[in-house]
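Participant: next one to model:
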Amino acid sequence: MDLTPLAGQMFKVLGYLIPVVVLILVLKSRWFKGISGEFIVNAAAKFLLNKDEYKTIKNVTLPAEGGTTQIDHIIVSQYGVFVIETKNMKGWIYCDPDQPMWTQKIFRHSNRFQNPLRQNYKHTKTLQQLLGLNDDQVRSVVVFVGDSRFKTDMPDNVTYGLGYIRYIKSFKTKVLSPDQVTRIMDSIDEGRLSPSFQAHRAHARNVQEAVREKQNSIACPRCGSEMVLRRSEKGGDQNGQSGDAPDIPGAGAQSTSPEKPAM
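Facilitator: Residues are numbered from 1 along each chain as shown. Predicted coordinates:
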């Protein structure tokens, strides 16, 4: 029996299926979600903000202590420099602005992710240091896009969809002069790493190393922050165990606040 026609048909079907499977995998990938989220934010800024008043710079990678930091969007105006972190997520979002981890819930499945306000903290501080600006001139903004809904109250600078445009426009007091805006644009352009594939790879490696370090640390069972190893002044507990014990933030007067994570 000649199976050549059957094999030809199978290869033909596979020729159609493989591109479809690849496309589905790409659409579901974290990379594509990030790209699509940034496109939405960029398009909104382009069409809803006056281009003469607001200047948008996207995908800025800056050298920072311990590696690099990557900023999704920077919007520069006389009303301040707005540093935007984009999150393309679905499901219900629960947050506590003071906690290092937030929660995403899809049906019965819960997933914890880093507090984006803390994630954006390093971005704003790195930019402030580069530009020599103060806290009143640089503002952190977090934008959620995608099929997500907030289930707890959010700070004013954490918005959904086009809400970030309203937040930016709510600032009416000019804190920068036109000359300062021009100098800021020039300084960012001079200070950023070349927007190349190599720069993106280098930043990705830095992020992966930071994630590995965080995974190797001891996590607090209450809030997810890293616990600190302390030695008891008494040299041990009543059970004769060593005085070295992880310090849980929020449990007792000796606890310390978790540091801002660097991502």
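Participant: please make it C-alpha for all contacts and neighbour counts, starting now.
Facilitator: Will do.
Participant: now the helices for the stretch 1-150 of the chain?
Facilitator: In the stretch 1-150 of the chain, the helices defined using DSSP state H, counting those that start in this stretch lie at 4-28, 30-48, 116-131.
Participant: mean confidence for the second one?
Facilitator: Helix 30-48 shows an average pLDDT of 70 in the prediction.
Participant: pLDDT weak spots in this protein?
Facilitator: Scanning the chain for pLDDT under 70 picks out 1-37, 195-263.
Participant: change it to 80
Facilitator: Scanning the chain for pLDDT under 80 picks out 1-40, 65-66, 194-263.
Participant: show me where it has strands.
Facilitator: Counting by DSSP state E, the chain has these strands, from start to end: 55-64, 67-77, 80-88, 91-94, 101-106, 109-114, 138-145, 148-150, 158-160, 228-236, 242-247.
Participant: between these, which one is nearest to S170?
Facilitator: Taking C-alpha to C-alpha, strand 80-88 is the member of the strands of the chain nearest to S170, at 11.3 Å.
Participant: remind me what that closest one packs against, helices and strands.
Facilitator: Using 3 or more C-alpha pairs under 8 Å, 6 or more residues apart in numbering; DSSP states H and E as the contact criterion, the neighbours of strand 80-88 among helices and strands are helix 30-48, strand 67-77, helix 116-131, strand 138-145.
Participant: mind putting these into TSV with distance to I184?
Facilitator: Output for those, formatted as TSV (distance: least, C-alpha to C-alpha, whole Å):
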stretch	distance to I184
helix 30-48	18
strand 67-77	8
helix 116-131	6
strand 138-145	11
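Participant: which residue sits closest to S148, ignoring its sequence neighbours?
Facilitator: K90 (4.0 Å; C-alpha to C-alpha, 6 or more residues apart in numbering).
Participant: what about that neighbour, distance to Q104?
Facilitator: 8 Å (C-alpha to C-alpha, to the nearest Å).
Participant: those two: which is more packed in?
Facilitator: Using other C-alpha atoms under 10 Å, the more surrounded residue of K90 and Q104 is Q104, with 21 against 15.
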